[in-house]
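**Q** Build me a model from this:
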Amino acid sequence: MSVAPPRVTGQDGDVHFAFVSGNPALDLVATVESRRDQPRDLLTTPADLEQWVTACDELPDQVSIDAPALADALLLREAIHQLALDRMHGRRYDPAGLDILNDAAAGPLPALRLEDAGIHRTGDLTSALTHIARGAITLLADPRTCLKECGRPSCTRLYLDRSRGARRSWCGMQSCGNRVKAAAYRARKNTTP
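**A** Here you go, the predicted structure:
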């Protein structure tokens, strides 16, 4: 019998995965929080990755993952992160990252089935990673794509800015926007005589 890894809890219970980046590849990258200061990896066990895949609406409903499969997913995650940073900073793409991404994109895709409740996706982790890799390629190859890093100092989430005029400043309103606005409000209140 295995014991679930400890989770950081908030006022409302366990912290859950957030899908606010605008693309599953960027949401996968965001499973490492606070990359600058004290990185916190949300995918430390195969069960964590299984939960993440199940929670992502664009991936198969259930997959079985072992330690080598988790290692493959983490390798893809870090390659996408590096390639996205390369794109954001106008650098040439990292060749090793390109190889990892392109190899992952060459696999089979999840199967789709239309049901009364909507689309049902089936497949294994390889097909899920293929879907993520192809989404990353499409995102990184589009010259109109506006990738940004969250403006909250402790958040390093990359996101796709689709706002009018590309004026979005943070990854998500609930996760960071409210915190930024609350901090600004408190700062104004503290400086008011």
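
**Q** And for Ala30, nearest residue in space, chain neighbours not counted?
**A** Of all residues beyond its chain neighbours, the one nearest Ala30 is Arg157 (4.5 Å), with distances taken as Cβ to Cβ, 6 or more residues apart in numbering. (Each C-beta comes from the backbone N, C-alpha and C, glycine too.)

**Q** gap between that neighbour and Gln62?
**A** 26 Å (Cβ to Cβ, to the nearest Å).

**Q** Those two - which one has more neighbours?
**A** Per other Cβ atoms under 10 Å, whichever of Arg157 and Gln62 has more neighbours is Arg157, with 25 against 12.

**Q** Phi and psi next, for that one.
**A** phi -70, psi 130 (degrees, to the nearest 10).

**Q** Thr130 too?
**A** phi -60, psi -40.

**Q** go on, Glu149?
**A** According to degrees, to the nearest 10, Glu149 has phi -110, psi 140.

**Q** Tell me who's in contact with the closest residue to it other than its chain neighbours.
**A** In space, and not counting its chain neighbours, Glu149 is closest to Leu158: 5.6 Å by Cβ to Cβ, 6+ apart. Shown in contact with Leu158 (Cβ atoms under 8 Å, 6 or more residues apart in numbering): 21, 26, 29-30, 81, 84-85, 88, 147-150, 171.

**Q** Of these, select the buried ones using a ChimeraX command.
**A** Per 16 or more other Cβ atoms under 10 Å, the buried members of those correspond to this ChimeraX selection:
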select :21,26,29,30,81,84,85,147,148,149,150,171
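
**Q** Just name the closest of the contacts of Leu158 to Arg134, please.
**A** Arg134 has its nearest neighbour among the contacts of Leu158 in Leu26, at 13.7 Å by Cβ to Cβ.

**Q** who touches the closest one in this structure?
**A** Going by Cβ under 8 Å, 6+ apart, Leu26 touches Ile80, Ala84, Leu139, Leu147, Arg157, Leu158, Tyr159, Leu160.

**Q** In strands only, show me those residues.
**A** In this view, the contacts of Leu26 that belong to strands under DSSP state E are Leu147, Leu158, Tyr159, Leu160.

**Q** Report the separation between the third one and Pro39.
**A** The spacing between Tyr159 and Pro39, counted by Cβ to Cβ, is 18 Å.

**Q** And those two? Which one has more around it.
**A** Taking neighbours as other Cβ under 10 Å, Tyr159 and Pro39 compare with Tyr159 leading, 24 against 10.

**Q** mind listing the strands for the protein?
**A** Under DSSP E, the chain gives strands at 9-10, 13-14, 32-33, 40-41, 111-115, 118-122, 147-149, 158-160.

**Q** Tell me the buried residues in the longest helix anywhere in the chain?
**A** In the chain, taking DSSP state H as the definition, the longest helix is helix 67-88. Neighbour counts over helix 67-88 (16+ other Cβ under 10 Å) mark 69-70, 72-77, 79-87 as buried.
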